[in-house]
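Sequence plus predicted model, see below.
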Amino acid sequence: MTAVTPTPGEAPAEEPALRRALRPRGLVWTLLSLHRAALLFWVLLVAVAGGTLLWAYGPGTDGAWSEYRTMRCAFSGEEDLSCDYTGEAFLALDAATYLGAMIITVVPFLVAVWAGAALIARELETGTAEVAWTQSVSPARWLTAKLAVPAALIASGTALLVLLHRLVWPSNRELLRWLDWQWYDDLPFRSNGPVAVAYALLGLAVGVLVGLLVRRSLPALGISLVCLLAVHFLLGALRPYLWPSVTLTTTEDYPVFSGMPVDDGGITPIGSHVPNPCGGEDPGCLTQHHIVGFYVDHHPPSHFWPLQLTETGIVLALTALAVLASFRLLHHRTAA
Amino acid sequence: MTGTAMEAAALGRRFGRRGDGDWALRDCTFRLPAGSVCAVVGPNGAGKSTLLAHAAGLLRPTEGTVTVLGTTPGAARARLAYIAQDKPLYPQLSITETLRLGHELNPGRWDGAVAERIVAEGDLDPHARVGSLSGGQRTRVALALALGKRPELLLLDEPMADLDPLARHQLMGALMADAAENGTTVVMSSHVIAELEDACDHVLLIGDGRVRLEGPLDDLLAAHVLVTGRDGDLDPHTVVESRTTGRQHTALIRPNGPLDESWQTTEPTLEELVLAHLRSPDAPVLTLTREDEAEEAAA
């Protein structure tokens, strides 16, 4: 019956071939048009965070260095606590880097809230998803686009910010010591490696799954946020145990170490590690409790990458599970 | 194409948790011939919307199957169009962008001229945001999106519910002209029967999730007689509904053999037919589209 006559597209014929090839089509065009505001917000956020980090890398670091030299605080071989001074340039560099790391850390939550409410649940709530599914687009393809297009934009933006943050993170140990930035602190750890990208993608996957499950914007917004917060804090608490720590022992004072502290305490004559019952190094108390030494479990700086990659792997596995669950749910609900 | 545009076999759909009483559709079996304009009628909550959503591939049956255009609804996605009851459209897009969406999501099928003509006939500003349109204007845009796809099967759920009589008449006219020109099968639900009587040639009556009546409109009307009289025996005939007003006796029957001379007989209207069946849930089911008829139509 209906003779399918191929009709010319709406693209003007004089459009150059390259532009025509790059012009978004189909579901990609649809997604970009429907979420123009979100796209603009994302571009602005990356620009602001990226600009701040670039400033910190250039003028910010230079200013802090010259302030450091002016104060004649140059490292003399011994740690000099008299020089833990903070000046304006120091504060500006610290604040700019903190802002950049903060934005990188908050992005997954923004993504989860947006994906749960605006990307998925609102479409199910108002029935516009059904408009898409009754064009020549299957629900599975619709979901693939909903995941892939934002994932590409979010991952590339976050990766760019992580690279800039790593650029700011000084390679110079002297400046690091002076700034008192620790690689294992929560914000720098989350902002200095692929784990940031993994969390952003998890935010997307969790938001999509919750949106599909709840099908209402406002509850989806709240539940996505709570789910991601739970993973964020749980993995944050488990982080020191995601890679075997290194143990140092001494028979006198607590061992000196550099890196992420995991656990410490006393050693008994039979060699077992127990919590320090004295809370300090009072010799009388220690003798009374038969403490003959001290131990410290910690992650040296060389554990940064193993810890990063393990956490990234776990977060990506959770992301894959959420994506799989989303596809199964949608498949179960709609007709083949 | 086949002679059957849509077919259901023991189709059932249960909502909510396991247990009984939540069946929106139960044991629905029927065929709708291709090229027909079929009215799906029934009271609110009868299962009309659920039935259309299954045909559009939006819901998975709990039991039984639904076949459209000779295949599964999912496989027929590109060849059917569907407009849900509340005419969902993306409010943030303009009319032009909404039609562009039809172009982008129906590659190789989209006929922009048809869609633009329907919008133009409504005197709409193509740059107006869909969110700012009135109910009737939205219906027009939804219809443009559906017809621009050049569907072989058009599924409309309460299409004219929120339109004023003039807009209803115009849109129905545009729809019917387009369907007739292209041989499109139209399946539309409504609980306003008068809206459909002039347009449809096939009827599917759903009550309480089940098929109550199904067949070509003329055959269904011919199979029933509205009888009035003082008294008399209706024994060999199937009585759908009978009422007594004073000493006057009125009944809708399916005659089995010649009628007693004492009865005054008239052919019922579609509305009378539907109302009588809805008031008598125990009246036997009647389906008049048989397999051989559908095959004949295909030949």
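Structure received. Residues are numbered from 1 along each chain as shown, chains lettered A, B, ... in the order given.

Just the terminal-to-terminal distance for stretch B:206-217.
From its first residue to its last, stretch B:206-217 covers 15 Å (C-alpha to C-alpha, to the nearest Å).

nope, stretch B:152-163 is what I meant
25 Å.

Let me know the average pLDDT across it.
Per-residue confidence for stretch B:152-163 averages out to 89 on the pLDDT scale.

quick one: the helix or strand that contains A:Leu218 near chain B?
Using DSSP states H and E, A:Leu218 sits in helix A:217-238. No: legend: contact between helix A:217-238 and chain B by C-beta under 8 Å from any C-beta of the partner chain is lacking; minimum distance shown is 13.4 Å. (C-beta placed from N, C-alpha, C; glycine too.)

So which other helices or strands are in contact with the next helix-or-strand element following that helix?
For helix A:217-238, the following helix or strand on the C-terminal side (DSSP H and E) is strand A:246-250. With contacts defined as 3 or more C-beta pairs under 8 Å, 6 or more residues apart in numbering or on different chains; DSSP states H and E, strand A:246-250 has these neighbours: strand A:293-299.

Each with direction, which strands does the strand it packs on pair with?
For strand A:293-299, the pairing partners within the sheet under DSSP bridges are strand A:246-250 (antiparallel), strand A:260-267 (antiparallel).

Close to chain B: what parts of the stretch 101-250 of chain A are there?
The stretch 101-250 of chain A has residues A:126-128, A:130-138 near chain B, with proximity defined as C-beta under 8 Å from any C-beta.

ok, now which ones touch the residue lying closest to A:Leu176 once chain neighbours are set aside?
If you skip the residues right next to it in sequence, A:Leu176 has A:Pro170 as its closest partner in space, 5.3 Å away by C-beta to C-beta, 6 or more residues apart in numbering or on different chains. Under the criterion of C-beta atoms under 8 Å, 6 or more residues apart in numbering or on different chains, the neighbours of A:Pro170 are A:61, A:176, A:179, A:181.

among these, who's most crowded?
The most crowded member of those is A:Thr61, carrying 21 neighbours; neighbours defined as other C-beta atoms under 10 Å in any protein chain shown.

Might one say that it is in contact with A:Asp94?
No: using C-beta atoms under 8 Å, A:Thr61 and A:Asp94 do not qualify as a contacting pair, with a distance of 11.1 Å.

all strands for the stretch 1-150 of chain B, in order.
All strands of the stretch 1-150 of chain B, identified by DSSP state E, counting those that start in this stretch, fall at B:4-14, B:23-33, B:37-41, B:63-68, B:80-83.

Could you export these as JSON lines, including distance to chain A, mean neighbour count and mean pLDDT?
Output for the strands of the stretch 1-150 of chain B, formatted as JSON lines (distance: least, C-beta to the nearest C-beta, whole Å; neighbours: other C-beta atoms under 10 Å in any protein chain shown; pLDDT from 0 to 100):
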{"stretch": "strand B:4-14", "distance to chain A": "10", "mean neighbour count": "21", "mean pLDDT": "92"}
{"stretch": "strand B:23-33", "distance to chain A": "13", "mean neighbour count": "21", "mean pLDDT": "91"}
{"stretch": "strand B:37-41", "distance to chain A": "14", "mean neighbour count": "26", "mean pLDDT": "93"}
{"stretch": "strand B:63-68", "distance to chain A": "8", "mean neighbour count": "19", "mean pLDDT": "94"}
{"stretch": "strand B:80-83", "distance to chain A": "4", "mean neighbour count": "26", "mean pLDDT": "96"}
